[in-house]
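J.: next input, structure requested:
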Amino acid sequence: MSYNMRVLVGGGLAFDTSPIELREQVAFRAEEYPQALSLMKDIMHLEEGVLLSTCNRVEFFSVCKNLDAVSKGWGQFLRFYHKKNFPFESYSQIYTGKYCISHLFELASGLKSMVVGETEILGQLKEAYMIAKERGMTQKYLNRLFQASFSAAKSVRSSTWITRGSISVSAVAVDLAEKLFGKLTGCSIILVGAGAVSEATARALQKKGANVIFVANRTYEKALELSKEIEAEAIPWSEFPSRIAKVDILISSTSAPHYVITKEKLAAHIGRRAGRPLFLIDLAVPRDIDPAVEDFEEVYCYNIDDLQTIADQNLKDRLAEVDKCKRLIEPHIERFYSWLVESINSQDSQFIRNFRMA
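T.: Numbers count the residues shown, from 1 in each chain. Coordinates of the predicted model:
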């Protein structure tokens, strides 16, 4: 459908409508944005345009005068740029008018993320917008639209609990460690086992200032390999119990069919800790750590179910905030619409009617 009017339109491929096997074929690196934007503008006949590519979505936001050219051109653009012969438009969602505004505002606020409330998407949107702006791809309408979306996101994040409460096992472990020790700068960690989740948890703790100083694994070569990646010391499996006296946090994730840390084994070293708290994180199934170790004062043990339960509750708390967030966003949508009506010139009066109906 071709109009002699401007239409606000956006959309594309997202995790809830297209599988990762599809999205990964058309992902864009940030350095590809400039070239891709120029091609997108030509193929889709855009007046303004922004391209967004993350691990969960490949989308665009635009102003055009030919909605059909945009709807058909989106798939053509992806096929031509990535040299893939696939009907990407069949898996894409297209939003026009107010639906497009609402989609962007909710996206910026983290409401449409796979992990509801995550904040990374806002930074990704800002980067995509700035690159498009520097290329001259955003003008009056998209400049105002994106600035309004950032304002809406700020309001949502500052007035609700949508971003609060960690919802991954590793992040929950960090939260608990901070509650126990305060600042984690200077806290020392030993990894028992070289599992992926324990490595992720250790790295999350490192970002907060903790130091991984020992890595122990039944296969010493695996401990050595991981220790090089996280700048720690690999130690023989038989030595890890004696090192407990020197650390603040122990993360265990072995595949042993029995406890590798028992109350009796811990008792031999707990006296040398001088009453310092010991945080034990058991990520193994079956469990690596005997729950009886909590009989010792200043020993705190959390298994993977404990952490997941906290994460699940935090997610429920976030989801409970979604309706409140949408109510907060609504005035921002209306303000942008009011500005649009006031600023649009007479030759675009049909655009206003289309915008209202969409």
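
J.: pretty sure residue 162 is touching residue 320, no?
T.: No. Under the criterion of Cβ atoms under 8 Å, residue 162 makes no contact with residue 320, lying 9.5 Å away. From N, CA and C alone the C-beta is placed, and that goes for glycine too.

J.: which residues of the stretch 101-250 of the chain fall in strands?
T.: Using DSSP state E, counting those that start in this stretch, the strands assigned to the stretch 101-250 of the chain run over residues 188-192, 211-216, 233-235, 249-252.

J.: right, and those strands - which one's nearest residue 173?
T.: Nearest to residue 173 among the strands of the stretch 101-250 of the chain is strand 249-252; the distance by Cβ to Cβ comes to 7.7 Å.

J.: before we move on, the earlier item: could you point out which of the strands of the stretch 101-250 of the chain sits nearest residue 138?
T.: Taking Cβ to Cβ as the measure, the strands of the stretch 101-250 of the chain were each checked against residue 138, and strand 211-216 came out nearest at 44.0 Å.

J.: in its sheet, what does the longest strand seen in the chain sit against?
T.: Secondary structure of the chain read by DSSP state E shows that its longest strand is strand 2-14. Sheet pairing here is set by DSSP bridges, and for strand 2-14 it gives strand 57-66 (antiparallel), strand 93-96 (antiparallel).

J.: domains in the chain, by residue range?
T.: The record assigns the chain these domain ranges, following automatic domain parsing: 2-162+321-357, 169-312.

J.: in the stretch 151-300 of the chain, where is pLDDT below threshold?
T.: When the per-residue scores of the stretch 151-300 of the chain are filtered using pLDDT under 70, no range remains.

J.: now the helices for it?
T.: Taking DSSP state H, counting those that start in this stretch as the test, the helices found in the stretch 151-300 of the chain are 169-181, 196-207, 220-230, 240-243, 263-270.

J.: to residue 79, which of those lies closest?
T.: Short answer: helix 196-207, nearest of those by Cβ to Cβ, at 35.7 Å.

J.: centre of the chain to that closest one, how far?
T.: Using Cα atoms, centre = their mean, to the nearest Å, the distance from the centre of helix 196-207 to the centre of the chain it belongs to is 16 Å.

J.: what's that helix in contact with?
T.: With contacts defined as Cβ atoms under 8 Å, 6 or more residues apart in numbering, helix 196-207 is touched by 169-171, 173-174, 177, 184, 187, 189, 191, 212, 226, 229-230, 249, 251-253, 281, 283, 304.

J.: rounded mean pLDDT for the longest strand of the chain, please.
T.: Taken as a whole, strand 2-14 has an average pLDDT of 82.

J.: can you pull the buried residues of whichever helix or strand comes after that strand?
T.: Per DSSP states H and E, the first helix or strand lying C-terminal to strand 2-14 is helix 20-23. Neighbour-count burial for helix 20-23, with 16 or more other Cβ atoms under 10 Å as criterion, is recorded at residue 23.

J.: next: stretch 173-181.
T.: Within stretch 173-181, the residues that qualify as buried are 173-177, 180-181, counting by 16+ other Cβ under 10 Å.

J.: could you give the number of residues near residue 237?
T.: The number of residues packed around residue 237, counting by other Cβ atoms under 10 Å, is 16.

J.: please apply the same query to the one 10 residues further on.
T.: Summarising burial for residue 247: neighbours were counted as other Cβ under 10 Å, giving 23.

J.: over to residue 233?
T.: Burial of residue 233 is recorded as 14 neighbouring residues (other Cβ under 10 Å).

J.: how close does the nearest residue to it once chain neighbours are set aside get to residue 223?
T.: The spatial neighbour of residue 233 that comes closest, neighbours along the chain excluded (Cβ to Cβ, 6 or more residues apart in numbering), is residue 214 at 5.5 Å. Residue 214 sits 9 Å away from residue 223 when distances are taken as Cβ to Cβ, to the nearest Å.

J.: more neighbours: which of the two?
T.: Between residue 214 and residue 223, residue 223 has the larger neighbour count (other Cβ under 10 Å), namely 25 against 22.

J.: now do the contacts for that one.
T.: If a contact means Cβ under 8 Å, 6+ apart, then residue 223 has 194, 215-217, 234-235, 237 as its contacts.

J.: quick one: which of the residues you listed is most hemmed in?
T.: Using other Cβ under 10 Å as the neighbour test, those are led by residue 215, with 30 neighbours.

J.: is it in a bridge, and if so with what?
T.: Beta-bridge partners of residue 215, counted by DSSP bridges, are residue 191, residue 234.

J.: and the gap between it and residue 228?
T.: Residue 215 sits 9 Å away from residue 228 when distances are taken as Cβ to Cβ.
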